[in-house]
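Student: have a look at this prediction, sequence included:
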There are 4 protein chains.
Amino acid sequence: MSKGHEIRSEIAWSTPDRIGVWGYDLTRELMGRVNLGDMGFLEITGRLPDARESTMFNALLVTLVEHGIVPSTLAARMTVAGAPEALQAAVAAGLLGLGSVFVGSTEAVARLLRENLPDPSIDVRLPDIAARIVDEHRQARRILPGLGHPIHKPIDPRTPRLFVIARANGFGGRYLALMKAIARRAEKVHARSLPINATGAIGAIACEMGLPWQACRGIGVMARAVGLVGHALEELRQPLAVEVWHRTEAEASAAARGRPRGGKAAKSTGSPRRAG
Amino acid sequence: MSKGHEIRSEIAWSTPDRIGVWGYDLTRELMGRVNLGDMGFLEITGRLPDARESTMFNALLVTLVEHGIVPSTLAARMTVAGAPEALQAAVAAGLLGLGSVFVGSTEAVARLLRENLPDPSIDVRLPDIAARIVDEHRQARRILPGLGHPIHKPIDPRTPRLFVIARANGFGGRYLALMKAIARRAEKVHARSLPINATGAIGAIACEMGLPWQACRGIGVMARAVGLVGHALEELRQPLAVEVWHRTEAEASAAARGRPRGGKAAKSTGSPRRAG
Amino acid sequence: MSKGHEIRSEIAWSTPDRIGVWGYDLTRELMGRVNLGDMGFLEITGRLPDARESTMFNALLVTLVEHGIVPSTLAARMTVAGAPEALQAAVAAGLLGLGSVFVGSTEAVARLLRENLPDPSIDVRLPDIAARIVDEHRQARRILPGLGHPIHKPIDPRTPRLFVIARANGFGGRYLALMKAIARRAEKVHARSLPINATGAIGAIACEMGLPWQACRGIGVMARAVGLVGHALEELRQPLAVEVWHRTEAEASAAARGRPRGGKAAKSTGSPRRAG
Amino acid sequence: MSKGHEIRSEIAWSTPDRIGVWGYDLTRELMGRVNLGDMGFLEITGRLPDARESTMFNALLVTLVEHGIVPSTLAARMTVAGAPEALQAAVAAGLLGLGSVFVGSTEAVARLLRENLPDPSIDVRLPDIAARIVDEHRQARRILPGLGHPIHKPIDPRTPRLFVIARANGFGGRYLALMKAIARRAEKVHARSLPINATGAIGAIACEMGLPWQACRGIGVMARAVGLVGHALEELRQPLAVEVWHRTEAEASAAARGRPRGGKAAKSTGSPRRAG
């Protein structure tokens, strides 16, 4: 194999008596000293969080772990039904549904805020930025990410809790203020209730913490993997997928069952069109 | 990178003006000359099928493409609901459910027949082999693969069709006879109807064709990928996943919704156990 | 479960003695009569192809089955290394890499051609449309899909073969002509060789066949699933993944192995930051 | 949809102003109070861990997060190369390789210990149980799970650390003793060094904690998902997959490149075997 470019990873290495993870000694500095959320912060930033960051980051993750019965948990449960021996496949199947529809908004909020306020220390009027963002979205007929919720009304109860934790840990800054300004402006312009939802709060706090917006999807994936394990294990103990399947199949094919295609007779008289 | 073992693949190569696939010239010998099922045979055996093998192999694949609404198509459709931009992820999610419960039996039949009749040209009495197989399974309380069907009664209509195609193409031999002997013996011993189902017929025909039993799962995967594309595309046009989700969620959490845990009050009075 | 919207699928149903697939009787009209590629056409369009469509559609699929050692086959082979018992997981892992970088261009070409020539029967000058497309892409600094190839020079040998098959089967029409006009214009404007590659030819032919552009990714997925089965089976027989892993790991962590983090001593003196 | 069986899940529910997760109020009892590892414990056991359990369980997870460049991280990185827009797909692809070869042993150890010591309070001589286990494996030519390591010698450094944490938190009991007895017996019988590796220690501690053995694969999945996010993000910043691909492809097809199949001429003279 001739060499083209370098092959290099900074993440982990092993020697006969030591294991390095991002330069930390796994056994001496990590095991028994940090929690799984701290490892998530490490994998995203390359360093361990301090105590405030640990509390905040774990709160973001904990918020995203569970959503109950949603398409991704149903995909996982359907996979358990067919392959109960492969829990990792069920969790993988569930993660695959975390695309644009359900988890894109945390990333979209972080990106929007970061791009419109690249340097939070600059002295700019946040309401002006908010107004411009809301107007641009309205003209482009684009939905503002991070606002509103189909179930939680009049507000998303996770949002005030996230903001309390943020302020208590030194993350109540300009990005939260900008997100609030966007919500206020949006409600005024669209004349309806548009409170910041959990993904909006998480996106703003991620910016506050200095995390790159590209990491937001990773935060969602880490958290949801934990929840999907729970659903896969519950499916093994207390299944619902097979019942959902049977009911769905019965209803979905009710109209078509037994009827031949168009005006074709049930018995085909066609000669072989082509061999196999 | 120091070399340990060899890295070698026989499957495909490219030069500026030619592409080899299993040694065949892609543009001159494959494109416009063979069909997708033939490519499947090529990928499994390393050679193109003759006309009889092509007809037979394509018939096996065609049998396995569609199963309507089943757990794997529901997993695919749930993934479309969350990630409509990633069709390949929806198909992947659907394939993950093809594990031991639903597709293991073609492989199990092929392995059973091959291990009990390693050389079909040897002169042995098939009813004796069948009797031993049925007795061993009964004593070990193991279900015989390839027999019976929850919906198709009194027989699986795909089986006689597969056997007709097999005989017409020179694949009506000892493995089919052995499978039939097993079914006859099983019905007698268990005193109930146990006709050969499609996976039993396919497993037997795969042995007849000289395919390794390990390839049977591959045959199922190739075929189901085609069907899953169809379901994913239908979900984009005529969705059902979101409706299934809403109904399932409403029923699944009906008993628990709003109720706090055990005797815990809704308002938690616990002090913070640990930061983050 | 209270009903909201309808749950309905047209694809397949089963009765005790019949199986309908898109309204066709599986045993009488499909098994032994059509090939796997025809089933792919059926799943995309809802009807079986005629003889010309079957030849053309199978040629598109056959073109896309094999690419040798590429990221998606390596992902599949790495999965076989860890989970040799789950072939369907290996194929699924390989399909997940078929995203924007490697398979988006067939879809992009079909969409571009369809949107710029919605009705091929309208009398418009194709060179004018081509010129506008090339100019728009140049001004937006967007790469034109379907042109050029890193390995095949001076042309992609699959393209003339696809066009020959297309013309021989009645698919040599306006979309092929438009794609050629785009290539000619692009070469002139960018002053370099930009021949139509296989994905460009396939995208144009898909339009010619009247297939929706959204189906192009499905065509790629169906074909690649077949190729991935072949690679997964070869990995079981003649593995390369473990060797690739060992060489990559050795080189990737060579620089970091054994070195502690920054100025931190190898022995951590830090007190436990937080329990667990 | 007619009802057959019940559809029920205990995991989570939402009302307009509250979210329940395993009966806990998400905003009041979980967010800002527990960490991601605690949520993992909750998903597996249905209750939050106490402080000792939290420390221990997080230590198990932290041990399993990172393994550097291994087949599953390479599968994830190959998927990033093809689909950089779909981080969840890359993590899913990486999880699929966590099958029998690499992560089965934690589960195997837990199952082995639990089945041989169903009730740790019973007064039995552990060396006798250990001797029987080692002898049975030797006679059946089965490898004892949880012992030895290809890189870490003379011991796996994670094991003593895990046992220290276990004893410090009240988990240094009969299952750890049994695992140690098995290791001692195995070394004697096989006359070579066979120290308990990390998966053996984790399996034993999982039993000590009262976790069902089926949950062990879930622990591995939760932890590895975090590590895979890190690798996927590093691949976006500092790629290696494309270089690995190019080198592997060049070497893998070196022997076959350009050579036609067997004695077949490069130019095929065969007539079209079958349409399409």
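Tutor: Yep, that arrived. Residues are numbered from 1 along each chain as shown, chains lettered A, B, ... in the order given.
Student: for the rest of this, base every contact and every neighbour count on C-alpha atoms.
Tutor: OK.
Student: C-alpha coordinates for stretch A:141-161, CSV please?
Tutor: Taking Å, rounded to 0.1, in the frame of the first residue of the first chain, the C-alpha atoms of stretch A:141-161 are listed here in CSV:
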residue,chain,number,x,y,z
ARG,A,141,-41.3,30.8,4.1
ARG,A,142,-39.0,28.8,6.3
ILE,A,143,-40.0,27.6,9.8
LEU,A,144,-38.0,29.0,12.6
PRO,A,145,-36.4,26.1,14.4
GLY,A,146,-36.7,25.7,18.2
LEU,A,147,-40.1,27.2,18.7
GLY,A,148,-43.5,25.8,19.6
HIS,A,149,-44.5,22.2,20.4
PRO,A,150,-47.4,20.0,19.3
ILE,A,151,-48.1,18.7,22.8
HIS,A,152,-46.6,21.0,25.4
LYS,A,153,-48.6,24.1,25.9
PRO,A,154,-48.6,26.9,26.8
ILE,A,155,-44.9,26.3,27.2
ASP,A,156,-42.4,23.4,27.0
PRO,A,157,-41.8,22.6,30.7
ARG,A,158,-38.2,21.5,29.9
THR,A,159,-37.2,25.0,28.7
PRO,A,160,-37.5,27.0,31.9
ARG,A,161,-35.7,24.1,33.7
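Student: distance from it to the middle of the chain?
Tutor: On the basis of C-alpha atoms, centre = their mean, to the nearest Å, stretch A:141-161 sits 15 Å off its chain's mean C-alpha point.
Student: now swap in stretch A:231-247 and tell me
Tutor: 23 Å.
Student: what residues sit buried inside it?
Tutor: A:231-236, A:239-247 (16 or more other C-alpha atoms under 10 Å in any protein chain shown).
Student: quick one: it near chain C?
Tutor: No: contact of stretch A:231-247 with chain C (C-alpha under 8 Å from any C-alpha of the partner chain) is absent, the minimum separation being 10.1 Å.
Student: residues in contact with that stretch?
Tutor: A:73-74, A:76-78, A:80-81, A:84, A:87, A:90-91, B:69-71, B:74, B:244, B:248, D:1-9, D:11, D:43-44, D:215 (C-alpha atoms under 8 Å, 6 or more residues apart in numbering or on different chains).
Student: ditto for stretch A:175-188
Tutor: With C-alpha under 8 Å, 6+ apart as the test, stretch A:175-188 has contacts from A:113, A:117, A:120, A:126-127, A:129-131, A:133-134, A:147, A:193-196, A:200-201, A:204-205, A:207-208.
Student: restricted to helices, list the contacts of stretch A:231-247.
Tutor: A:73-74, A:76-78, A:80-81, A:87, A:90-91, B:71, B:74, B:244, B:248, D:43-44 (DSSP state H).
Student: show me the helices in chain A, by range?
Tutor: A:36-45, A:51-65, A:71-82, A:87-96, A:104-116, A:126-139, A:158-168, A:174-190, A:198-208, A:216-237, A:241-252.
Student: want to throw the ones you listed into a markdown table with mean pLDDT?
Tutor: Formatted as a markdown table, these follow (pLDDT from 0 to 100):
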| stretch | mean pLDDT |
| --- | --- |
| helix A:36-45 | 98 |
| helix A:51-65 | 98 |
| helix A:71-82 | 95 |
| helix A:87-96 | 95 |
| helix A:104-116 | 93 |
| helix A:126-139 | 96 |
| helix A:158-168 | 98 |
| helix A:174-190 | 96 |
| helix A:198-208 | 97 |
| helix A:216-237 | 96 |
| helix A:241-252 | 95 |
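Student: pipe those helices into JSON lines and attach distance to B:F171 per row.
Tutor: Shown next, in JSON lines, are the helices of chain A (distance: least, C-alpha to C-alpha, whole Å):
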{"stretch": "helix A:36-45", "distance to B:F171": "56"}
{"stretch": "helix A:51-65", "distance to B:F171": "54"}
{"stretch": "helix A:71-82", "distance to B:F171": "31"}
{"stretch": "helix A:87-96", "distance to B:F171": "36"}
{"stretch": "helix A:104-116", "distance to B:F171": "53"}
{"stretch": "helix A:126-139", "distance to B:F171": "65"}
{"stretch": "helix A:158-168", "distance to B:F171": "65"}
{"stretch": "helix A:174-190", "distance to B:F171": "69"}
{"stretch": "helix A:198-208", "distance to B:F171": "60"}
{"stretch": "helix A:216-237", "distance to B:F171": "41"}
{"stretch": "helix A:241-252", "distance to B:F171": "35"}
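Student: deepest of these, which one?
Tutor: When the helices of chain A are scored by mean count of other C-alpha atoms under 10 Å in any protein chain shown, the highest mean neighbour count falls to helix A:87-96 (a mean of 34).
Student: does chain B sit close to that helix?
Tutor: Yes: on the criterion C-alpha under 8 Å from any C-alpha, helix A:87-96 is in touch with chain B at A:89-90, A:92-94, A:96.
Student: what is the burial count for A:M209?
Tutor: For A:M209, the neighbour count with other C-alpha atoms under 10 Å in any protein chain shown is 18.
Student: do the same with the one 5 residues further on
Tutor: Look at A:Q214: counted by other C-alpha under 10 Å, it has 18 neighbours.
Student: nearest spatial neighbour of it, skipping sequence neighbours?
Tutor: Using C-alpha to C-alpha, 6 or more residues apart in numbering or on different chains and skipping the chain neighbours, the partner closest in space to A:Q214 is A:E107 (6.7 Å).
Student: and the residue of the stretch 101-250 of chain A nearest chain C?
Tutor: For the stretch 101-250 of chain A, the residue closest to chain C is A:T248, as judged by C-alpha to the nearest C-alpha, at 7.2 Å.
Student: that residue against B:T73, yeah?
Tutor: No: A:T248 lies out of contact with B:T73 (C-alpha atoms under 8 Å); the separation is 11.2 Å.
Student: need the residues of the stretch 1-150 of chain A near chain B, please.
Tutor: Checking the stretch 1-150 of chain A against chain B by C-alpha under 8 Å from any C-alpha, the hits are A:51, A:54-59, A:68-72, A:74-76, A:78-86, A:89-90, A:92-94, A:96-102.
Student: so what's the residue nearest to the spatial centre of chain A up against?
Tutor: Nearest to the mean C-alpha position of chain A, counting by C-alpha atoms, centre = their mean, stands A:G220 at 3.2 Å. Residues near A:G220 by C-alpha under 8 Å, 6+ apart: A:61, A:64-65, A:103.
Student: contact partners for A:I11?
Tutor: A:20-23, D:68, D:231.
Student: I misspoke; the intended subject was A:V103.
Tutor: A:217, A:220.
Student: hang on, A:A198 packs against A:P160?
Tutor: No: with contact defined as C-alpha under 8 Å, A:A198 does not count as touching A:P160 (9.1 Å).
Student: returning to that earlier point: need the max-distance pair from the ones in helices among the contacts of stretch A:231-247.
Tutor: Maximum pairwise distance among the ones in helices among the contacts of stretch A:231-247 (C-alpha to C-alpha): 26.2 Å, between B:V244 and D:I44.
Student: and the two most separated of the buried residues of stretch A:231-247?
Tutor: Distances among the buried residues of stretch A:231-247 were taken as C-alpha to C-alpha; the most separated pair is A:L233 and A:R247, at 22.4 Å.
Student: for A:Y24, which non-adjacent residue is closest in space?
Tutor: Of all residues not flanking A:Y24 in the chain, C:R261 sits nearest, at 5.9 Å (C-alpha to C-alpha, 6+ apart).
Student: quick check: pLDDT value at that neighbour.
Tutor: As predicted, C:R261 sits at a pLDDT of 78.
Student: check contacts around it.
Tutor: Contacts of C:R261 were listed using C-alpha under 8 Å, 6+ apart, and they are A:22-24.
Student: keep only those of those that are in strands.
Tutor: Here DSSP state E is the test, and the contacts of C:R261 give A:Y24 as lying in strands.
Student: which of the contacts of C:R261 tops the neighbour count?
Tutor: When neighbours are taken as other C-alpha under 10 Å, the top entry among those is A:Y24 (25 neighbours).
Student: could I get the contacting residues of it?
Tutor: Contact analysis of A:Y24 by C-alpha under 8 Å, 6+ apart lists A:30, C:260-261.
Student: hey, what's it bridged with?
Tutor: Note on A:Y24: beta-bridge partners A:V21, judged by DSSP bridges.
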